[in-house]
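Chemist: Got a sequence here, can you build the structure:
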Amino acid sequence: MKNFFVVICSLVFISNSSNAQGLLSKSEMVFTKQDSLRGSITKERAWWDVKYYHLDVKVNPKDSTITGSNTIKYKVVEEYNRMQIDLQKPLEIYKVIQDGVELKYSREGNAFFIELVALQKPGTIKELTVFYGGRPKVAVNPPWDGGITWKKDSNGNPFIASSCQGLGASVWWPNKDHMYDEVESMLISVNVPGNLTDVSNGRLVSVKELKDGTRTFNWYVSNPINNYGVNINIGDYVSFSEKYKGEKGNLDCSYYVLRDNLAKAKEQFKDVPRMLKAFEHWFGPYPFYEDSYKLVEAPYLGMEHQSSVTYGNGFKNGYRGRDLSGTGWGLKFDFIIIHESGHEWFANNITDKDIADMWIHESFTNYSESLFVEYYYGKEAGNEYVRGIRKNIQNDKPIIGHYGVNSEGSSDMYYKGANMLHTLRQIVNDDEKWRTILRGLNSTFYHQTVTTKQIEDYLSTAVGMELNPFFNQYLRDTRIPTLEYFFKDKTLGFRWTNCVTGFNMPLKITINGVEKWLKPTTEWKNDSSTVENTQLKIDANFYVAEFDITE
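Modeler: Next comes the predicted model:
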């Protein structure tokens with residue numbers, strides 16, 4: 001145990017150092033006007049509510065260009081006549097048409113400001129069409145540094161896909177590129193060479209053969225969808241399908257893979273019904289029965305595109321064949337199928353309004369991996385998995401990023417976020433209640449965009465405990481809370497240190513093998529119900545550190 005204390009104390013010291021560096025770098029970060037135009041709800045965005053898009057694009061693999069249009073139907077919320085539409089360089093808007101009139105517009109970086117002919121009247125539904133084109137940014141390291149990936153399969157056929165989380169959907173199509181306003185429905189029309197297939201979101205409603213030898217695939221999305229969730233996947237695809245008997249009836253599941261990978265996919269993709277069974281148990285019904293579920297092979301690792309989840313994990317279990325937890329449990333499932341599909345509940349069903357709150361997407365979805373393991377292999381297996389991923393935590397900067405400037409927080413939103421939620425589960429100390437809370441999140445915030453405060457308030461109410469200090473500790477601070485304690489004269493003294501003001505998380509411990517709960521605060525407390533030669537052990541499922549200062 002003494003060695004354990006030394007390791008934890010060393011970790012705490014590093015964490016304190018990192019915290020100081022993180023706060024310093026945070027104060028030194030400089031954001032530009034472009035960051036604000038991208039990340040804030042500007043006046044030119046606030047006055048209109050997007051209702052429907054018809055994205056109509058032609059993808060030309062020969063010269064890596066895209067041309068097309070986006071028809072935008074919107075409801076006027078406030079009277080105004082200047083609209084912000086986002087489209088990233090080097091793409092260009094060619095013209096904007098409303099009611100047969102070509103509108104004037106100006107460009108400021110990646111934001112276009114369209115001058116409407118007349119003031120828009122609140123309550124009215126209007127539409128305009130934006131025509132655009134060019135050679136979109138090529139993805140450098142998708143999906144982390146996204147754009148369009150232009151590759152070829154082993155038979156020399158074009159293999160093309162979009163990925164744009166964080167970077168923004170405006171990297172390849174013009175839209176209101178902010179998370180707070182999700183379009184309610186959408187038609188995606190993609191024209192490709194006749195020997196290729198496009199797979200996008202929603203359901204395929206038609207394929208139109210054109211005289212020039214190309215084909216246009218028309219996909220209709222009937223549910224609200226976040227911008228970065230919209231995607232194109234183009235290749236020499238073959239497909240197979242099945243029906244999953246889920247909580248809301250039969251769910252259509254379709255799988256699209258490159259021709260040479262059909263046999264491997266039919267075996268590997270058996271994880272999909274396993275995933276659906278586990279996640280419907282924990283989170284409630286799959287949120288997009290109307291749009292179906294699709295898993296689509298892509299020329300990069302994968303992403304959570306709504307009802308069109310992309311897959312590039314090499315038909316292997318684990319993360320590219322590796323177990324991120326180091327426990328062995330991570331090799332029992334295909335990481336990309338489980339993780340990216342988990343985002344259908346957290347990211348696509350419940351979506352953050354500002355990317356600073358991306359922990360709502362990633363913490364719950366990372367935690368979903370251990371819930372999948374638990375569902376099939378038992379509670380201790382799930383516990384081992386989530387504890388195993390702690391080695392990936394950096395404690396470099398707060399999990400919540402900067403608001404209004406399209407700024408993510410620390411990547412600790414994945415592993416630390418999952419362990420934060422696992423710690424919260426220990427506080428609840430009732431597995432059925434915990435499951436009810438997770439399902440309640442997905443019903444309460446069904447198809448909504450949310451803030452961290454909304455999630456915090458919901459959890460505080462559902463748990464029955466004021467959790468603001470808890471979330472301040474794990475989301476807004478980098479330190480690992482440490483239980484400092486001592487034994488003296490058959491008395492246990494204890495308190496929380498290395499923590500935020502007011503941190504008061506209850507903690508499960510065992511003393512001489514007997515389980516009990518402590519209610520530490522940042523002030524010293526005493527427990528006289530101990531005996532000599534006492535040994536204290538904290539429940540390993542709490543993400544905390546400990547330090548015995550007994551003389």
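Chemist: Point out where this protein drops to low pLDDT.
Modeler: For the chain, applying pLDDT under 70 flags the ranges 1-28, 530-533, 551.
Chemist: Secondary structure class of the residue nearest the centre of it, three-state.
Modeler: Centrality entry for the chain: nearest residue to the mean C-alpha point is H361, 3.2 Å, by CA atoms, centre = their mean. With DSSP: H, G, I helix; E, B strand; the rest coil as the basis, H361 sits in helix.
Chemist: Excluding residues flanking it in the chain, which one is nearest it?
Modeler: Among residues not flanking H361 along the chain, A347 sits closest, at 3.8 Å (CB to CB, 6 or more residues apart in numbering). For the C-beta atoms, the positions are set from N, CA and C on the backbone; glycine is no exception.
Chemist: where along the stretch 451-551 of the chain do the helices fall?
Modeler: Taking DSSP state H, counting those that start in this stretch, the helices of the stretch 451-551 of the chain run over residues 452-463, 468-476.
Chemist: residue contacts, S410?
Modeler: Counting by CB atoms under 8 Å, 6 or more residues apart in numbering, S410 makes contact with 22, 394, 396-399, 416, 478.
Chemist: can you list the helices of the stretch 451-551 of the chain in TSV and add mean neighbour count and distance to E432?
Modeler: Output for those, formatted as TSV (neighbours: other CB atoms under 10 Å; distance: least, CB to CB, whole Å):
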stretch	mean neighbour count	distance to E432
helix 452-463	17	13
helix 468-476	21	21
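Chemist: Just checking: what are the partner strands of the helix or strand hosting A161?
Modeler: Using DSSP states H and E, A161 sits within strand 158-163. In the sheet, strand 158-163 lines up against strand 147-152 (antiparallel), strand 233-235 (antiparallel) (DSSP bridges).
Chemist: Pick the most deeply packed of these.
Modeler: strand 233-235 (a mean of 26; mean count of other CB atoms under 10 Å).
Chemist: starting at the chain centroid, how far to that one?
Modeler: Between the centre of strand 233-235 and the centre of its chain there are 23 Å (CA atoms, centre = their mean, to the nearest Å).
Chemist: Could you point out the helix or strand that follows that strand?
Modeler: Following strand 233-235 toward the C-terminus (DSSP H and E): strand 237-246.
Chemist: In PDB, list the C-alpha atoms belonging to that following strand.
Modeler: Presented in PDB, the C-alpha positions along strand 237-246 are these (Å, rounded to 0.1, in the frame of the first residue of the first chain):
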ATOM      1  CA  TYR A 237     -19.900  -0.500 -52.600                       C
ATOM      2  CA  VAL A 238     -21.800  -3.700 -52.100                       C
ATOM      3  CA  SER A 239     -24.400  -4.000 -49.400                       C
ATOM      4  CA  PHE A 240     -26.300  -6.400 -47.200                       C
ATOM      5  CA  SER A 241     -29.000  -5.800 -44.600                       C
ATOM      6  CA  GLU A 242     -31.000  -7.200 -41.700                       C
ATOM      7  CA  LYS A 243     -33.800  -6.200 -39.400                       C
ATOM      8  CA  TYR A 244     -33.100  -5.800 -35.700                       C
ATOM      9  CA  LYS A 245     -36.100  -6.300 -33.400                       C
ATOM     10  CA  GLY A 246     -35.700  -3.400 -31.100                       C
END
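Chemist: Run through who's touching it.
Modeler: 196-197, 199, 250-259, 262, 265-266, 272-273, 276, 280, 285-286, 289, 293, 296-297.
Chemist: Just the buried subset of those, please.
Modeler: Listed as buried from those are 196-197, 199, 251-258, 265, 272-273, 276, 280, 285-286, 289, 293, 296-297; burial here means 16 or more other CB atoms under 10 Å.
Chemist: what residues does the following helix or strand past the strand holding A161 touch?
Modeler: Next helix or strand after strand 158-163 toward the C-terminus (DSSP H and E): strand 185-193. Strand 185-193 has contacts (CB under 8 Å, 6+ apart) with 51-59, 61, 68, 158, 198, 200-202, 210, 213-225, 230, 232, 234.
Chemist: one more time with 6 Å, if that's ok
Modeler: Residues from elsewhere that reach strand 185-193 (CB atoms under 6 Å, 6 or more residues apart in numbering): 52-59, 198, 200, 214, 216-222, 232, 234.
Chemist: strand partners of that strand, parallel vs antiparallel please.
Modeler: Neighbouring strands of strand 185-193 in its sheet, by DSSP bridges, are strand 48-60 (parallel), strand 214-221 (antiparallel).
Chemist: Could you export these as TSV, including distance to I85 and mean neighbour count?
Modeler: Formatted as TSV, the strands paired with strand 185-193 follow (distance: least, CB to CB, whole Å; neighbours: other CB atoms under 10 Å):
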stretch	distance to I85	mean neighbour count
strand 48-60	10	20
strand 214-221	20	20
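Chemist: As CSV, those with distance to V77 would be great.
Modeler: Putting these into CSV (distance: least, CB to CB, whole Å) gives the following:
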stretch, distance to V77
strand 48-60, 5
strand 214-221, 23
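Chemist: how about those strands, which one is nearest R425?
Modeler: In terms of CB to CB, the element of the strands paired with strand 185-193 nearest to R425 is strand 214-221, at 33.7 Å.
Chemist: Export the closest one to PDB, keeping only CA atoms.
Modeler: C-alpha atoms of strand 214-221 as PDB (Å, rounded to 0.1, in the frame of the first residue of the first chain):
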ATOM      1  CA  THR A 214     -23.500   9.600 -63.800                       C
ATOM      2  CA  ARG A 215     -26.000   8.700 -61.100                       C
ATOM      3  CA  THR A 216     -27.600  10.800 -58.400                       C
ATOM      4  CA  PHE A 217     -28.400   9.200 -55.100                       C
ATOM      5  CA  ASN A 218     -31.200  10.900 -53.100                       C
ATOM      6  CA  TRP A 219     -31.200  10.400 -49.300                       C
ATOM      7  CA  TYR A 220     -33.900  11.800 -47.100                       C
ATOM      8  CA  VAL A 221     -33.200  12.500 -43.400                       C
END
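Chemist: what's that strand in contact with?
Modeler: With contacts defined as CB under 6 Å, 6+ apart, strand 214-221 is touched by 186-191, 193-194, 198, 200-209, 291.
Chemist: Same question for stretch 270-286.
Modeler: For stretch 270-286, the surrounding residues in contact (CB under 6 Å, 6+ apart) are 244, 246-248, 251, 253, 333-334, 337-338, 341, 345, 371-372, 375, 438-439, 442-443.
Chemist: Also stretch 354-365?
Modeler: 342-343, 346-347, 352, 399-403, 406-408, 413-414, 417-418, 421, 452, 455.
Chemist: How about stretch 376-384?
Modeler: Outside stretch 376-384, the residues that touch it by CB under 6 Å, 6+ apart are 327, 329, 370, 373-374, 541.
Chemist: Swap in 10 Å and give it another go.
Modeler: Residues outside stretch 376-384 that contact it (CB atoms under 10 Å, 6 or more residues apart in numbering) are 274, 277-278, 325-329, 332-333, 367, 369-375, 385, 422, 425-426, 431, 539-541.
Chemist: Just give me how far stretch 292-305 sits from the chain centre.
Modeler: For stretch 292-305, the distance to the chain centre is 14 Å (CA atoms, centre = their mean).
Chemist: Identify the residues contacting the closest residue in space to G502 that isn't next to it in sequence.
Modeler: In this structure, G502 finds its nearest non-sequential neighbour in P469, 4.4 Å apart by CB to CB, 6+ apart. Shown in contact with P469 (CB under 10 Å, 6+ apart): 481, 496, 499-505, 521-522.
Chemist: Check those for burial and list the buried ones.
Modeler: Using 16+ other CB under 10 Å as the burial test, the contacts of P469 include 481, 496, 499-500, 503, 505, 522 as buried.
Chemist: Next, check these against the strands and list the overlap.
Modeler: Among the buried ones among the contacts of P469, the ones falling in strands (DSSP state E) are W496.
Chemist: Could you dump the buried ones among the contacts of P469 into CSV and include distance to T310?
Modeler: Supplementary listing: these in CSV, determined by distance: CB to CB, whole Å:
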residue, distance to T310
P481, 38
W496, 43
C499, 40
V500, 39
F503, 40
M505, 38
T522, 46
